[in-house]
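>>> Here is my input; please provide its structure:
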Amino acid sequence: MEHELMKEYLDELVLRYNRRDFIDADPIRIPHEFDSRTDIEIAGFLIATISWGNRAAILKSGAKMMDLMGNSPYDFVMNSSSKQQQKLDDFVHRTFNGLDFRQFILSLRRLFQTNDSLENFFITDDERLQTCISRFRAAFFEDATALRSFKHVSDPLKNSAAKRINMYLRWMVRKDAAAVDFGIWDRVKMQQLSCPLDVHSGGIARELGLLKRKQNDAQALLELDTQLRLFDAHDPVKYDYALFGLGVNKKALAGI
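Residues are numbered from 1 along each chain as shown. Now for the predicted structure:
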C-alpha cells in the first residue's frame, strides 16, 4: 500500500480505538482509578509490569494488587511496614510472584525517597528512550536482593523490545483529546516514545509491511519506530492503537 493510503488507513484505526471506551477492558483501567500523580505513576508501573497474557486476567490481578496495597499505592510504597508487606507474599500473576512484588515496593520506595517522579529517569535529548530505560532498570534494581525480579524489567540495550516499559511510558507521556493515556509527564516528548512491540503488534506490523525483521527485539522496534515516525513524527506511538485494533479484529485486514 502506498504511504499516503497506509497513513490514512492507520489514522482511521487510531480514531476508532483511541477512545475512552477503550479503557474499560485494558490494563490502563487500573491506574485510571486514581487521581494523584504518584498513585497513577506507581499503579501504572506495577500494572504495566504484569501486562502480558489475557487482558481479563491482567485486570483481575491488577485489582488484587491495588487491594493488597489498600488502594493507596503511593502511601503503601512509602510507609508500609515489613509486616504489612507480608500480605503480598501470596500474590501470583504468571511468573510475577509475591517476592517480586515486595522487591518492586522496596525499589519504588528507594527511588521516590529522592525523586518526586519516575519521570526524572527518562529526561533526555536522545531521539528515543531506550538508553534511559536501561539506566532506569539499573537504578531500580541497584540494591535488589531478589535477583529473580530482574527479568520483569527488560533492558533494550540487551536487544529487548521492552514492550511493557514502553507501554508504561506511552501511558505517562502521551497526551491528546481522547485522554486514554494520562500525559502527566511533560518533560519527556511524545516523539521520543517507542511502540510497545509484542507478538500481536509485531505480527500485524509484518502483515502491513511495516516490519520485516522476524524477531520481536530491539532491532525490530527500531525498524518499526522508524516507519511510524514517517506517518507522524510528533506522535508516532499513537499507531499502537491501530496495531492493537487490527490485532483484536483481523477481519479488518480484508479492507486493505
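>>> Can you list the low-confidence ranges for the stretch 151-256 of the chain?
Across the stretch 151-256 of the chain, the ranges flagged by pLDDT under 70 are 250-256.
>>> What segments of it are helices?
163-173, 199-207, 218-231, 239-248 (DSSP state H, counting those that start in this stretch).
>>> which one of those is the most hemmed in?
helix 163-173 (a mean of 25; mean count of other CB atoms under 10 Å). C-beta: built from backbone N, CA, C; applies to glycine.
>>> Please compute how far that one lies from its chain's middle.
Averaging C-alpha positions (CA atoms, centre = their mean, to the nearest Å) puts helix 163-173 3 Å from its chain's average.
>>> Kindly report the same for stretch 163-182.
Using CA atoms, centre = their mean, the offset of stretch 163-182 from its chain centre is 7 Å.
>>> hmm, back to that, switch the helices of the stretch 151-256 of the chain over to CSV; also include distance to Arg29.
Listed next are those as CSV, based on distance: least, CB to CB, whole Å:
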stretch, distance to Arg29
helix 163-173, 11
helix 199-207, 19
helix 218-231, 25
helix 239-248, 15
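>>> need the contact list for Val180.
Asn18, Arg19, Arg20, Phe22, Ile23, Ile28 (CB atoms under 8 Å, 6 or more residues apart in numbering).
>>> Whichever of those residues end up buried, select them in PyMOL.
Those of the contacts of Val180 that count as buried under 16 or more other CB atoms under 10 Å are selected in PyMOL with:
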select buried, resi 18+22+23+28
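>>> So which of the contacts of Val180 belong to strands?
Within the contacts of Val180, no residue falls in strands by DSSP state E.
>>> Just put the contacts of Val180 in CSV and tack on pLDDT.
Converted to CSV, the contacts of Val180 look like this (pLDDT from 0 to 100):
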residue, pLDDT
Asn18, 97
Arg19, 96
Arg20, 94
Phe22, 93
Ile23, 96
Ile28, 98
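>>> so which of the contacts of Val180 comes closest to Phe121?
Nearest to Phe121 out of the contacts of Val180 is Ile28 (CB to CB; 20.7 Å).
>>> Please verify my assumption that Ser201 contacts Ala242.
No: counting by CB atoms under 8 Å, Ser201 does not reach Ala242; the two are 9.4 Å apart.
>>> The chain: strands as residue ranges?
92-93, 96-97.
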